[in-house]
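Novice: predicted structure and sequence below. I'll ask about it afterward.
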Amino acid sequence: MSVFAPSMIILWKTIESYGIDPEPLFEAENIRPKLPIDPSMRMPYEKIDRIRAKAFELCNDEAIGIRAASVYSASHLGALGYAWQASLTLRNAFTRLERFIRVVNDKAIVLVENLDDNMVVTIRLDVPSESLSARDDSALAIITRMCKLVYGDRFRLEGVNFKHPTPRDLKPYFEFFACQLNFDQADNQLLIPLSIADDLMVGANPELALLNDQVVTRRLALLDRNDIVARVQSALMEQLPNGQVSDDSVAAALHMSVRTMHRKLAEVNQNFRALLVEMRRNLAELYIMDNSLTLTEISLLLGFSEPSSFSRAFKSWTGSAPSEIRQARSDDA
């Protein structure tokens with residue numbers, strides 16, 4: 001089990017914020033960070049967990065996990081952090097996190113669903129920890145901070161669910177999350193009002209988000225070379241703008257025969273055509289929100305030979321022509 005190496009700087013800076021030198025704690029685990037940290041590096045989860053537990057003991061602060069949010073920056077999550085910042089909406093950002101969380105921690109799971117008037121984000125890491133509350137608080141607080149950074153001062157939570165028991169001092173929790181807090185729950189969850197989750201964000205940049213998506217997809221493919229779906233998705237993202245994407249071209253990029261690629265996909269209940277359509281649809285829904293791109297440019301970026309082919313495909317996916325979506329957005333502006 002491993003974590004994205006640059007993310008350990010969050011823990012380093014959190015420890016420093018208490019006036020404690022983090023270097024001896026990291027050296028005890030034979031970790032000697034040198035900036036800039038190679039984004040291809042992975043760190044054993046167990047080592048980072050032991051460092052966090054020791055820091056928790058030294059600072060004697062139940063809310064150390066919440067403190068971690070104050071030192072977060074997008075660079076700590078690499079391309080995923082930058083893709084998050086460029087996302088169209090918070091739902092779009094969380095969809096990225098749901099898809100790519102394994103780059104940060106290869107055992108973590110993020111689930112996004114609607115419940116009543118909220119988007120419920122569940123964060124799961126069902127592995128032991130020597131400082132469970134600090135680890136889980138850190139995840140919930142950092143993601144909340146990520147939301148505040150991209151959405152602004154109007155961001156608010158409807159509630160937060162914590163798996164761990166109620167802490168002795170609730171003040172830091174109320175001050176940071178500013179919402180209903182529920183402890184001893186089945187999952188760690190953030191409850192975000194739908195009106196906020198689906199609101200277009202000022203800093204949205206679909207093109208920049210896509211560029212970083214491509215980097216993260218490649219990282220996923222390298223992380224687990226046995227993950228045939230991630231490898232095919234990575235190849236598709238690379239080849240779509242060039243046009244003429246096919247199972248032949250993707251299989252060649254993966255250094256395997258078409259038959260072998262199809263067999264491996266079938267083993268995990270996937271098929272090439274479905275992955276291609278899914279990739280095109282996801283990208284189309286991003287591109288259509290970017291008014292700097294013409295419909296002709298979008299069709300080329302998605303590998304369609306002509307705009308009419310893209311328009312027909314888009315209407316089959318969404319029930320509306322791309323020009324109608326553009327017009328509706330213009331009328332709402």
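Specialist: Thanks, I have the structure now. In this text the structure is predicted, and so the values were computed from the model without any measurement.

Novice: quick one: low-confidence parts of the stretch 101-250 of the chain?
Specialist: Across the stretch 101-250 of the chain, the ranges flagged by pLDDT under 70 are 221-226.

Novice: middle-most residue in the chain, spatially?
Specialist: Leu97 (2.0 Å; C-alpha atoms, centre = their mean).

Novice: now that residue. Nearest residue, chain neighbours left out?
Specialist: Once flanking residues are discounted, Leu97 sits nearest to Val110: 5.1 Å by C-beta to C-beta, 6 or more residues apart in numbering. To be clear about C-beta, it is placed using only N, CA and C from the backbone, and glycine gets the same treatment.

Novice: next: Phe304.
Specialist: Nearest non-adjacent residue to Phe304 (C-beta to C-beta, 6+ apart): Phe310, at 4.2 Å.

Novice: again with Asn182
Specialist: Nearest one to Asn182, counting by C-beta to C-beta, 6+ apart, is Asn161 at 4.8 Å.

Novice: quick check: beta-bridge partners of the one you found?
Specialist: Beta bridges link Asn161 to Asn182, Gln189, judged by DSSP bridges.

Novice: and the gap between the residue lying closest to Ile298 once chain neighbours are set aside and Leu301?
Specialist: Nearest residue to Ile298 in three dimensions, chain neighbours excluded: Tyr287, at 4.5 Å (C-beta to C-beta, 6+ apart). Per C-beta to C-beta, to the nearest Å, Tyr287 is found 6 Å from Leu301.

Novice: what about the strands in the chain?
Specialist: 2-4, 42-44, 109-115, 118-124, 159-161, 180-182, 188-193 (DSSP state E).

Novice: re the thing from before, wait, the residue nearest to Asn182 touches Asp184, no?
Specialist: No. Look at Asn161 against Asp184 with C-beta atoms under 8 Å: they stay out of range, at 9.3 Å.

Novice: so these two - more neighbours on which side?
Specialist: Asn161 (20 against 10; other C-beta atoms under 10 Å).

Novice: check contacts around that one.
Specialist: Residues near Asn161 by C-beta atoms under 8 Å, 6 or more residues apart in numbering: 182, 185-189, 191.

Novice: now tabulate those in TSV and tack on distance to Glu267 and neighbour count.
Specialist: Shown next, in TSV, are these (distance: C-beta to C-beta, whole Å; neighbours: other C-beta atoms under 10 Å):
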residue	distance to Glu267	neighbour count
Asn182	41	13
Gln185	36	13
Ala186	32	8
Asp187	30	14
Asn188	32	21
Gln189	33	22
Leu191	37	19
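
Novice: quick check, nearest of the residues you listed to Ser129?
Specialist: Asn188 (12.2 Å; C-beta to C-beta).

Novice: list residues touching both of Tyr287 and Leu301?
Specialist: Leu293.

Novice: if I pick Ser292, what's in contact with it?
Specialist: Glu207.

Novice: go on, Ile192?
Specialist: So Ile192 contacts 90, 118-121, 147, 157-158 (C-beta under 8 Å, 6+ apart).

Novice: and with 10 Å instead?
Specialist: 90-91, 94, 112, 118-121, 144, 147, 151, 155-159, 179, 198 (C-beta atoms under 10 Å, 6 or more residues apart in numbering).

Novice: buried subset of those residues?
Specialist: 90-91, 94, 112, 118-121, 144, 147, 151, 155, 157-158, 179 (16 or more other C-beta atoms under 10 Å).
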